[in-house]
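Enquirer: Sequence plus predicted model, see below.
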Amino acid sequence: MANEYFNFSNNLKQMAQVAQEKCAPAFANIDRIATKCGERVLSSFIENGVSESHFVTSTGYGYGDRGRDILDRVLADIFGAEDALIRHNFASGTHTLAVALFGILRPGDTMVSITGTPYDTIHSVIGLGEEAGGSLREFGVKYEEIALTDSGEVDFDAIADRVKNAKIAYIQRSRGYSLRRSITIDEIARIVKIVKSANPNAIVMVDNCYGEFVEELEPTHVGADLIAGSLIKNPGGAIARTGGYIAGRHDLIKLCANRLTCPGVGREIGCTLGMNRELYLGLFLAPEVVANALKTSQFAISLFEDMGYECYPRPDEIRTDIIAAIKLGNERLLTAFCEGIQSGSPIDSYVTPVASDMPGYDSKVIMAAGAFTMGASIELSADAPIRDPFAVWLQGGITYPSGKIGIMLAAQRVLNAQVESE
């Protein structure tokens, strides 16, 4: 079918066929995990008696919104947590993480990042670098981090000593704008064990963005006290138009709810404006949508590794998030890749992505995303800061056939750019 509608070179078509054949074992494992996660999601919907009546809209204060309250329980059960908040009025993943951090931390507390420096957009929340106003640091919260080892791994030997006085031990599951490995569930379980042995009162919090439904279990299944993420990534299933979630211990969720609204009312207010149905539907579809994103990613790293580029993760590595980084080496090839992804998007395919300054980022960033929901990185998208090592970070793909075409268009652009530069 690609031959009928897209003008790919014969060389690229042959390379794509080889790459897809190499993906067969990974695809089988992705399908297996999607089945397990999908069964857990369905069981939670059934056990909590989800009904069409839960889709009814609420306005104003939102008192007694049963759909909102049941959805919290559904999400908590899916993630193996005591409690959860899932709300459309979390504006982004960063906002959701900020609500959780400000909800729990108090002046004089210490937050220790176990996985090195966190993602760029959380810097201003913590108070790293230029002060944006209102950061944790400004409120007297101390921040420390444990540097990754020279090989980019978590320094497990350093954790016990560094978390003895920590209020929060913070884990960023995904790689962010780095080439380090993403953190697996088994590694999170190991970190939890070390932290709790050294400081039983420490709260293990995980930035779970991009990781939901990629493995059979979530961090809260293996002892994490709190996780948070965005609904326009994995758990929104490409249906949710906005929102985020926090899941974990009941006492911590209560504190987060007080920060989301205000002390005294917490989770009891917050109208849903008719958005419950899409949050339920997106959550239900999420395991299969995540599987399609993973297949798209797996095909991409298989193809681009055969083209001679370094890919992170390698095609034979365990996946724990939907992100892949491809080291293209220079700005021209990086731009060509993003142009290809944009040209294969169902929305705004005619647009040319251009690098520009972005709020919360330290470098100019180029973004390719022709998505039904603006910024939804569960949909096929690619972005990169314009800086060494000129790697592009790829995520999403709500159907594998369309995701594969997008990757092939990116590859064709890169191949053409290579020829032009010779």
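Expert: It's in.
Enquirer: who touches residue 148 in this structure?
Expert: 115, 116, 154, 155, 180 (C-beta atoms under 8 Å, 6 or more residues apart in numbering). Using the backbone N, CA and C atoms, a C-beta is placed for each residue, glycine as well.
Enquirer: List buried residues within the residues you listed.
Expert: Neighbour-count burial (16 or more other C-beta atoms under 10 Å) applied to the contacts of residue 148 gives 115, 116, 154, 180.
Enquirer: on that earlier part again, show me the two of the contacts of residue 148 that sit farthest apart.
Expert: Largest separation among these by C-beta to C-beta: 155 and 180, giving 11.6 Å.
Enquirer: out of the buried ones among the contacts of residue 148, who's nearest residue 355?
Expert: Relative to residue 355, and with distances defined as C-beta to C-beta, the nearest of these is residue 180, at 23.5 Å.
Enquirer: circling back: quick check: of the buried ones among the contacts of residue 148, which lies closest to residue 189?
Expert: Of the buried ones among the contacts of residue 148, the one sitting nearest to residue 189 (C-beta to C-beta) turns out to be residue 154, at 12.3 Å.
Enquirer: Next, the closest one: secondary structure please.
Expert: Recorded secondary structure, residue 154: coil (DSSP: H, G, I helix; E, B strand; the rest coil).
Enquirer: Now do it, the pLDDT please.
Expert: The model reports residue 154 with a pLDDT of 96.
Enquirer: For it, grab phi and psi.
Expert: Dihedral angles of residue 154 (phi, psi; degrees, to the nearest 10) stand at phi -60, psi 140.
Enquirer: List the residues that contact it.
Expert: 114, 115, 146, 148, 183, 187, 191.
Enquirer: same thing but 10 Å
Expert: Residue 154 makes contacts with 114-116, 146, 148, 171, 180-181, 183, 187-188, 190-191, 194, as judged by C-beta atoms under 10 Å, 6 or more residues apart in numbering.
Enquirer: among those residues, which are in helices?
Expert: If you go by DSSP state H, the contacts of residue 154 have 187, 188, 190, 191, 194 in helices.
Enquirer: Adding neighbour count, write those out as CSV.
Expert: Formatted as CSV, the ones in helices among the contacts of residue 154 follow (neighbours: other C-beta atoms under 10 Å):
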residue, neighbour count
187, 20
188, 30
190, 16
191, 25
194, 19
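Enquirer: Among those, pick out the one closest to residue 71, please.
Expert: Of the ones in helices among the contacts of residue 154, the one sitting nearest to residue 71 (C-beta to C-beta) turns out to be residue 188, at 25.1 Å.
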